Every structure is written in structure tokens, then in C-alpha cells.
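K.L.:
the sequence and its predicted three-dimensional model are supplied below.
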Amino acid sequence: MDTAVALQHQLASLVLQGRKHLVLDLAEVPFMDSSGLNSPLRARSETLRYDGSLLLAAPGPAVRRLLDLTGISLTSPLYATSTDALAALSGGSAAP
């Protein structure tokens, strides 16, 4: 829960600094609960407010399952790596 709050503040700060497109690398996230789910949902909402986007990268099997079950993977693209997500942002051909 503490980590989710810190992440939420960091993502909100990035948006307030003018960053409209964010990549959230989930490679080191072994577990995510409802508090953790709230962070990308809020970040996505904030980026959309400024015509931006939130791309999610490298979720492990447990996190990916949760993102799929909750439908988040339908609204925020999932990428195998953060490099793939960054390529997609810059117009590259990396597919989700």
C-alpha cells in the first residue's frame, strides 16, 4: 500500500511537469492488489486529460493476469519490454 501511494504521487508529479505519455515498467512487480491497480488507472486518467497515454511494460505472469482480468490491458496497451513501449510511443513498429 505504501508503494502504491508513492507511485501514485510520482506519476501525478510527472503529468504535472508536462509529461503526457508515460511508460510504466512492471518488470520488478511480483504482486499487485487493488491499491496497486489504482495507480495505473489514475495515471491513465490523468494522461488522457492532457491527450496523453499510459503504456504498461513487462508485467510478470501474476500481474498480467490481474491486468487482463480487470480489463486494464484493454485500455492501456501491454508491451513485452519498456523498450518496445518506448518504440511504440516514438512511432516505432513494436507491437503490444
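P.N.:
Everything's here; your move. Residues are numbered from 1 along each chain as shown.

K.L.:
quick one: contacts for the residue lying closest to residue 19 once chain neighbours are set aside?
P.N.:
By the measure of Cβ to Cβ, 6 or more residues apart in numbering, the closest residue to residue 19 outside its immediate chain neighbours is residue 52, 7.6 Å from it. All C-beta spots, glycine's among them, are computed from the backbone N, C-alpha and C. Counting by Cβ atoms under 8 Å, 6 or more residues apart in numbering, residue 52 makes contact with 15, 19, 20, 21, 22, 46.

K.L.:
taking those together, which two end up most distant?
P.N.:
21 and 46 (11.7 Å; Cβ to Cβ).

K.L.:
out of the contacts of residue 52, which are buried?
P.N.:
15, 21, 22, 46 (16 or more other Cβ atoms under 10 Å).

K.L.:
so the third one bridges to which residues?
P.N.:
Right, residue 22. residue 54 (DSSP bridges).

K.L.:
mind checking pLDDT for it?
P.N.:
On the pLDDT scale, residue 22 is placed at 94.

K.L.:
now the helices for this protein?
P.N.:
For the chain, the helices defined by DSSP state H cover 2-16, 34-49, 61-70, 72-75, 82-89.
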